[in-house]
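**Student:** Provide a 3D model corresponding to the input given below.
(chains A and B)
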Amino acid sequence: RKEVEQDPGPFNVPEGATVAFNCTYSNSASQSFFWYRQDCRKEPKLLMSVYSSGNEDGRFTAQLNRASQYISLLIRDSKLSDSATYLCVVGYFGNEKLTFGTGTRLTIIP
Amino acid sequence: EAQVTQNPRYLITVTGKKLTVTCSQNMNHEYMSWYRQDPGLGLRQIYYSMNVEVTDKGDVPEGYKVSRKEKRNFPLILESPSPNQTSLYFCASSGGLNEQFFGPGTRLTVL
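**Tutor:** You can find the predicted model right below:
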């Protein structure tokens, strides 16, 4: 079983719709959680950290469920510029090693 | 501007010809790392370094070497490249709290 698993998609979603991704992780000792965004052939960039209490950044909301070991990302009012691959990432405090999921590809359709 | 730079960005080479991909960061980060990204496999860590002169293997270290003589630089060395090392390579650095900053990537083709 992969340490971090994501549905690879692709998700093709009309502009303005709400879309949600889930990600599961296998190591219950994981302590830090992130969503990274990667545009085609570009480097990954941090989208947001994920906290136990959940957190929101504009149209983006991230949730963490430690009991079920999954992380979610919700994008509201999707824009064409949201088209990208979204990477679920887990890590451990005090150890900079991160484990990446294979990514979920999202395409927003006009 | 805070950044991670990699060179070259694109490289086509032949089997067995030694090559080095350079990585440099200007953020005074202690942690640096190399990843390769392949379709369907995601980002996999090759080597990482917690500080100067401290390096360790990641998940896929075979066929690669690294060095960390200075804090800002972390070159990746392929002593004898093979076609299965054709991939997209990313260098990253982190100053703590796990957020990693990635370089623009190096697309390597080994014929």
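**Student:** What residues does chain A have near chain B?
**Tutor:** A:8, A:32, A:34, A:41-46, A:49, A:87, A:91, A:93, A:96-98, A:100-103 (CB under 8 Å from any CB of the partner chain). Yep, even glycine has a C-beta here, placed from its N, CA and C like the rest.
**Student:** Pull out the buried members of those residues.
**Tutor:** Among these, those scoring as buried are A:32, A:34, A:43-44, A:46, A:49, A:87, A:91, A:96-98, A:100-103 (criterion: 16 or more other CB atoms under 10 Å in any protein chain shown).
**Student:** Show me those that map onto helices.
**Tutor:** The helices, defined by DSSP state H, take in nothing from those.
**Student:** So which of these are in strands?
**Tutor:** Judged by DSSP state E, those include A:32, A:34, A:46, A:49, A:87, A:91, A:96, A:97, A:98, A:100 as members of strands.
**Student:** Among those residues, which has the minimum pLDDT value?
**Tutor:** Lowest in pLDDT among those is residue A:96, which has 69.
**Student:** Can you tell me the element the spatially most central residue of chain B falls in?
**Tutor:** For chain B, the residue nearest the mean C-alpha position is residue B:34 (3.2 Å; CA atoms, centre = their mean). Element membership for residue B:34 (DSSP states H and E) is strand B:31-38.
**Student:** Could you tell me the angle between the helix or strand that that strand is followed by and strand B:31-38?
**Tutor:** Once strand B:31-38 ends, the next helix or strand along the chain (criterion: DSSP H and E) is strand B:42-51. Orientation check (axes from the mean of the first three to the mean of the last three CA atoms, to 10 degrees): strand B:42-51 against strand B:31-38 gives 160 degrees.
**Student:** Strand B:42-51 - what's its average pLDDT?
**Tutor:** Averaged across strand B:42-51, pLDDT comes to 93.
**Student:** Strand partners (parallel or antiparallel) of it?
**Tutor:** Here strand B:42-51 is paired, per DSSP bridges, with strand B:31-38 (antiparallel), strand B:54-57 (antiparallel).
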